[in-house]
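Colleague: Below are the sequence and a predicted model; questions follow.
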Amino acid sequence: MNLNLTGKRALVTGASLGLGEATSKLLAAEGATVVIHGRDKERTERVAQEIREAGGSATTVLGDLADDASAAEVARVALDGGPVDILVNNAGFYRHLSWTEATPDEWRNTYNVNVVSGVRMIQHLVPAMRERGWGRVITIGGGLASQPMNTHPQYNATLAARHNLAVSLARDLKGTGVTSNIVSPGAILVEATKELVTHIGPDRGWGETWEEIRPNAVEALIPNDQERFGEPDEIAAAVAYLCSDYAQYVSGATIRVDGGLIRSAF
């Protein structure tokens, strides 16, 4: 399938590792010029260099999207090379905290980083998409938005907010040629996930080696129909589809890429 991304420019936030890195590389492989956003210069430059070595086109921009002035500068630098047609709001973070450990300051900080940062980029970049009559905004959400855990409540709530704002934006973009959608991952096997599961696995009786721990962790934490963790490339594929001409009639939608972890039919 030709996704017809040649000539498009995409900004992927939080793209120096994990899902953002995989998404950037796939969009570039499909012909888009990708602006790699990160906060660590070495990691961000590495992703861009690997894209260029593979024959793609990539530039970088550094900045903290949780700060108004820094986010504005990220948008300005991203636009220096031309219009941004595709915005992938991927950047975010969480700390694994209980209800008693997650202080009000932790809630405020998590909301600013995970929600308001994406709003900043939407407000900087989407107006020009409206004027051109074409654009794609993809928000990376998660199953915890609709099926929250008892832990890290501050993170669960921000995922719900990300889903909600993406649908609200889709309604606001009616008739403009710009779409807004959500890709909702399940538990994806990025390095941080593997480190966490490997650390807690022995104490929970899941085994001592990764080969022993992995199937038991899936059964205990994320029971899904595919009986495994997802891979970053599987999230990237859903994002790439939503960026393409094949998804022109898809807006305000949530595409779950979780192996069937979320049990709801709707």
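Modeller: Nice, thanks for sending it over. These figures come from a predicted structure and were not determined experimentally.
Colleague: Run through the protein and note the low-pLDDT ranges.
Modeller: In the predicted model of the chain, residues 1 satisfy pLDDT under 70.
Colleague: if we go to 90?
Modeller: 1-2, 4, 96, 191-193, 196, 263-266 (pLDDT under 90).
Colleague: Now the biggest helix by length in it: buried residues?
Modeller: Longest helix in the chain by number of residues (criterion: DSSP state H): helix 153-172. Buried residues in helix 153-172, counting neighbours by 16 or more other CB atoms under 10 Å, are found at 153-163, 165-167, 169-170. No exception for glycine: its C-beta is placed from N, CA and C like everyone else's.
Colleague: what do you get for stretch 214-222?
Modeller: So, applying 16+ other CB under 10 Å, buried residues of stretch 214-222: 214, 217, 218, 221, 222.
Colleague: Stretch 256-266 now?
Modeller: Buried, per 16+ other CB under 10 Å, within stretch 256-266: 256, 257, 258, 259, 261, 262.
Colleague: what's the answer for stretch 139-149, then?
Modeller: Within stretch 139-149, the residues that count as buried by 16+ other CB under 10 Å are 139, 140, 141, 142, 143, 144, 145, 146, 148.
Colleague: give me every residue that touches the residue of the chain most remote from its centre.
Modeller: Distance from the C-alpha centroid of the chain, by CA atoms, centre = their mean, peaks at residue 205 (31.7 Å). Counting by CB atoms under 8 Å, 6 or more residues apart in numbering, residue 205 touches residue 216.
Colleague: Residue 219 versus that one, what's the distance?
Modeller: Applying CB to CB, to the nearest Å, the value for residue 205 to residue 219 is 12 Å.
Colleague: in the protein, which spans are helices?
Modeller: Going by DSSP H, the chain shows helices at 18-29, 41-53, 68-80, 104-111, 117-132, 153-172, 191-200, 210-221, 232-243.
Colleague: would you list those in a markdown table and tack on distance to residue 96?
Modeller: As requested, those are exported to a markdown table (distance: least, CB to CB, whole Å):
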| stretch | distance to residue 96 |
| --- | --- |
| helix 18-29 | 16 |
| helix 41-53 | 22 |
| helix 68-80 | 26 |
| helix 104-111 | 11 |
| helix 117-132 | 20 |
| helix 153-172 | 9 |
| helix 191-200 | 7 |
| helix 210-221 | 12 |
| helix 232-243 | 20 |
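Colleague: right, and those helices - which one's nearest residue 184?
Modeller: helix 153-172 (7.4 Å; CB to CB).
Colleague: Could you find the closest non-adjacent residue to residue 6?
Modeller: Leaving aside its chain neighbours, residue 6 sits nearest to residue 31 (3.4 Å; criterion: CB to CB, 6 or more residues apart in numbering).
Colleague: tell me the two of the buried residues of helix 153-172 that are most distant?
Modeller: Spanning the widest gap among these are 153 and 170, at 26.6 Å by CB to CB.
Colleague: surely residue 240 meets residue 24?
Modeller: No - contact between residue 240 and residue 24 fails when scored by CB atoms under 8 Å: they sit 10.6 Å apart.
Colleague: and those two? which has more neighbours close in?
Modeller: More neighbours surround residue 24 than the other of residue 240 and residue 24, with 31 against 25 (other CB atoms under 10 Å).
Colleague: Contacts only, for the more buried one.
Modeller: Residue 24 sits next to 10, 12, 15, 34, 36, 47, 51, 58 when contact means CB under 8 Å, 6+ apart.
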